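Participant: Fold the stuff below for me.
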Amino acid sequence: MSELFANKPIKNQDLSYEAKDIIVLEGLEPVRRRPGMYIGGTDEHALHHLVNEVFDNSMDEAVAGHASVIQIELYVDGSISVMDNGRGIPVDPHPKYPDKSALEVILTTLHSGGKFNDKVYNTSGGLHGVGLSVVNALSDNLVIESVRNKRIFRQNYSRGVPAGIIEDVGPSGHRRGCFVKFHPDKEIFEKNYFKPTRLYKLAKSKAYLHKGVEIIWKCDPILIKNIGEVPEYEKLHFPGGLKDFLSSSIAERKTIIPEIFSGSVSIPGTEKRIEWAITWVQDEDGFSHSYCNTIYTPNGGTHENGFKSGIAKALKTYGEMVDSKKSSLISSDDIEIGVCSILSIFIHDPQFQGQTKEKLSSNEVTKIVENTIRDHFDHWLSSNKNNADILLEYLIRVAEDRLSRKLERETARKSIIQKIRLPGKLADCSSKVSLGTEIFLVEGDSAGGSAKQARIRETQAVLPLRGKVLNVANSTSDKIRGNQELIDLEQALGCGSLKNYSEEKLRYEKVIIMTDADVDGSHIASLLMTYFYTQMFDLIKNGHLYLAKPPLYRITCGDKIYYANSEDDKIKITDSFAKSKNNIEISRFKGLGEMVPKQLKETTMDPKTRTLIKICLPDDLKSTQDQLNTLMGKKPELRFKFIQEQALLKGNELKNNLDL
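Facilitator: Residues are numbered from 1 along each chain as shown. Next up, the predicted model:
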């Protein structure tokens, strides 16, 4: 082994590194040397984290049932104080350090405090025993008062070092608990003044998180002179808890469903408690706030993962119950679109990532939260069917948008390597601009062949479709994305679908549905209109969709030729020839494929002689959506009812005509 290291030259060999060069930092000096290890840095975020450390100690007292009032006060000199009516910090000598009080040990020793003892706190936010000592180390001035045995004990500190012994300053009267006032050290922080707005929001959120606590906010009026949203004094108490919190947070914003799903559950046989409130907003600009033992976890963690998973699984279960095939598309990520949620959990000995506790990492929490939320949301959905149906439909649309974007990204990646070609059966026009161009969607290769010969090649394109296209109103996103006819159609138009629809990318000015003038042709046209309405709504809204009007009959009388679009038209034309001596010949077109290209051009495709029906949107879109669900949706009983009603109407009309 020694041979590996022998005779290996070292470029810069310095033998002056000795035992005396090893530095041992004592007391709180490590905190002052490396504050980033304890509070994440020296910026504004780290500065305000000091307040969290002190505030959380008081909140732990409140959650444990030992305090009911917490006061936070911001002073004009930049210092801040937090006071509670809890048990106070012990001031008797510490067994391990008999020459120091327990209070001084907590203020000057890392990893000390009552949070390591299950007898003192079942759930707490301060876990590492460094909070108050770190605040002390990074403050140029700190004063602490603790009420014990109806006496007030006070001690002053500067940069972590006691400025004197602990003093008994007199009887407490009606006062109890602990008071901490400190001023951040300007030698440590880039900016050592607090933001009133930020601290007021902190105080308010803490009051929401624990219904049993009253938080008193005080701020010097000079500090909020130009800040209208922050009061000088306010008592914060919210019996409604997180539901009140969420209602206040979303204010007047429009929501997908009118009700907030909220609740509070204590897990039997444990100290665990879960509270939540959730809704969805229409503008999709949502938020998800989570807390563990009243500690804000901005980066989420295992409790948020369980929450989202429980919501998603409950919605899928409800979707299966109401026979919604598309509900299986919903994922936990879809839940986040437009969601406004607040989650708060209380557990024993939580595990966080880092001292600043910005992300919860306790693995066992995920399943506990997921199962709890899923059970309660299952019940809520079943009991609120109207809201449940609206929410399910919204999240299905979100899931479809996500999958559509994924498909487009995959297509975009593919196009880098291999250019995406237009559908092979598309006969494209030669014009390089969309203005003045049109594409005919025809059924079958036979009609497609006639249309390709009849078209004006410069401005008219033809895309033959095979048979009846998929009914998208009754199909899953996977099925829609996998349907080759619809893939060809979307590629030919080039404008994308759903939220990825782009008016600028539409390759044609007019999209014309050209089907046979019979029942099957009408059905295909209905299926295509359903596709455009659900997948390319703006294409209709912007006036691009049309129906061609091919004739049903060809009527010849001598050297004159007429075309009839219906039975009534045929009768009118033939009646006009009643006195003619020429024989009248009537031929019925079984389909566009039977028309010679010249006839098809003259009757249906030539802009000079044809008739087009423009598809427009009615003012009452809800009624339109209801009708689409009835005629094209997944529930056959609605169509059966519609047919019965129409048959009854037609029967009554016939009876009335016979009576006349």
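
Participant: Which stretches in the stretch 51-200 of the chain count as helices?
Facilitator: Using DSSP state H, counting those that start in this stretch, the helices of the stretch 51-200 of the chain run over 102-108, 131-137, 196-209.

Participant: Please produce CSV containing these, extended by mean neighbour count, distance to F440 and mean pLDDT.
Facilitator: In short, each C-beta sits where N, CA and C put it, glycine included. Below are the helices of the stretch 51-200 of the chain laid out as CSV (neighbours: other CB atoms under 10 Å; distance: least, CB to CB, whole Å; pLDDT from 0 to 100):
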stretch, mean neighbour count, distance to F440, mean pLDDT
helix 102-108, 22, 82, 89
helix 131-137, 25, 73, 89
helix 196-209, 20, 60, 92
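
Participant: Who does I80 form a beta bridge with?
Facilitator: Applying DSSP bridges to I80 yields these beta-bridge partners: L74, F182.

Participant: quick one, what contacts it?
Facilitator: Applying CB atoms under 8 Å, 6 or more residues apart in numbering, one finds that I80 lies in contact with 51, 72-74, 181-183, 194, 199.

Participant: Try it again at 7 Å.
Facilitator: When the contact criterion is CB atoms under 7 Å, 6 or more residues apart in numbering, the partners of I80 are 51, 73-74, 182, 194.

Participant: Mind pulling up the pLDDT for it?
Facilitator: Looking at I80, its pLDDT is 96.

Participant: Check the gap between it and L138 for me.
Facilitator: Applying CB to CB, to the nearest Å, the value for I80 to L138 is 13 Å.

Participant: ditto for N299
Facilitator: Distance check for N299 against L138: by CB to CB, it reads 23 Å.

Participant: neighbour count winner among the two?
Facilitator: Set side by side, N299 and L138 give different neighbour counts by other CB atoms under 10 Å, the larger being at L138 (29 against 15).

Participant: Just the pLDDT for G319.
Facilitator: pLDDT for G319: 92.

Participant: should've said N384
Facilitator: What the model reports for N384 is a pLDDT of 92.

Participant: can you pull the contacts of the nearest residue to L360 once chain neighbours are set aside?
Facilitator: Closest residue to L360 apart from its sequence neighbours, by CB to CB, 6 or more residues apart in numbering: G301 at 3.1 Å. By CB under 7 Å, 6+ apart, the contact list for G301 reads 359-361.

Participant: Over to V54?
Facilitator: With contact set as CB under 7 Å, 6+ apart, V54 has these partners: 82, 132, 135, 180.

Participant: What's the local residue count around the nearest residue to it once chain neighbours are set aside?
Facilitator: Leaving aside its sequence neighbours, V54 sits nearest to V82 (CB to CB, 6+ apart; 4.7 Å). Using other CB under 10 Å, the number of residues around V82 comes to 22.

Participant: gap between V82 and A102?
Facilitator: Distance of V82 to A102, computed by CB to CB: 19 Å.

Participant: Quick check: buried residues in the helix or strand hosting L486?
Facilitator: Counting by DSSP states H and E, the secondary-structure element that holds L486 is helix 484-493. In terms of neighbour count (16 or more other CB atoms under 10 Å), helix 484-493 has its buried residues at 485-486, 488-493.

Participant: go on, stretch 524-531?
Facilitator: Within stretch 524-531, the residues scored as buried using 16+ other CB under 10 Å are 524-531.

Participant: Just the ones in helices from those, please.
Facilitator: Among these, the members falling in helices (DSSP state H) are 524-531.

Participant: could those go into CSV alongside pLDDT and distance to S341?
Facilitator: Shown next, in CSV, are those (pLDDT from 0 to 100; distance: CB to CB, whole Å):
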residue, pLDDT, distance to S341
I524, 91, 44
A525, 92, 44
S526, 91, 40
L527, 92, 39
L528, 94, 40
M529, 94, 38
T530, 93, 34
Y531, 94, 34
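
Participant: right, and out of these, which lies closest to K614?
Facilitator: Of all these, the one sitting nearest K614 is M529; the distance, using CB to CB, is 12.1 Å.

Participant: thought the closest one was touching I613?
Facilitator: No - counting by CB atoms under 7 Å, M529 does not reach I613; the two are 11.0 Å apart.

Participant: hang on, the earlier thing: nearest to E214 among the contacts of I80?
Facilitator: Nearest to E214 among these, counting by CB to CB, is E73 at 14.7 Å.
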